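Asker: this is a predicted model, with the sequence first.
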Amino acid sequence: MATNIFVNLPTNDLERSKAFYAALGTSLNPQFTDDNAACIVWDDNVFFMVLRREFFATFTDKPIGDPAVSVQASTAFSCDSREEVDRIIEAGLAAGGAEPRPAQDLGFMYSRDLDDPDGNSLGFLYMAPEAVEVGPEAYMDDHGQDVA
């Protein structure tokens, strides 16, 4: 049985969020989209439920944090290349996102962070396939570098 992942994110502007995630190359599932929420389809098993803050609050008794000032979670996505990481980040920046810190290049892994217009944190990374197989330390040893 495949597991589906639903990441629930609060938003102050549902239409802006839908446009932002569309710019990253996602699609929308209209069956689970209305005036309160949008179901953003990342792939066959990963979905973002972008929920108006007031609606998001109906799912919990805890206060809803403001992602513009504090990080509660960071969702990271693996990519097939460094170029794909850069392409997604550039699309997100053009669609109103922000890059909160410089890219990290650890030799075996390249990553960049992207905050959506509400401040929800996303990460995009490429890891060398050999590093996935043998681990970062062995990969770096084979390439004459230290693991950061």
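Answerer: Cool, the structure landed. Residues are numbered from 1 along each chain as shown.
Asker: now do the same contact list for the residue minimising distance to the centre of the chain.
Answerer: What sits nearest the mean C-alpha location of the chain, by C-alpha atoms, centre = their mean, is residue 122, with 3.0 Å. Counting by C-beta atoms under 8 Å, 6 or more residues apart in numbering, residue 122 makes contact with 74, 75, 76, 77, 92, 113, 114, 115, 116. C-beta: built from backbone N, CA, C; applies to glycine.
Asker: now, those residues that are in strands?
Answerer: 74, 75, 76, 77, 113, 114, 115 (DSSP state E).
Asker: before we move on, the earlier item: what values do phi and psi take at the residue nearest to the centre of the chain?
Answerer: phi -120, psi 140 (degrees, to the nearest 10).
Asker: for it, give its distance to residue 108.
Answerer: Distance of residue 122 to residue 108, computed by C-beta to C-beta, to the nearest Å: 21 Å.
Asker: where's residue 6, which helix or strand?
Answerer: strand 5-11 (DSSP states H and E).
Asker: cool, residue 65 as well?
Answerer: Using DSSP H and E, residue 65 falls within no helix or strand.
Asker: since that was my last question, I'll sign off now.
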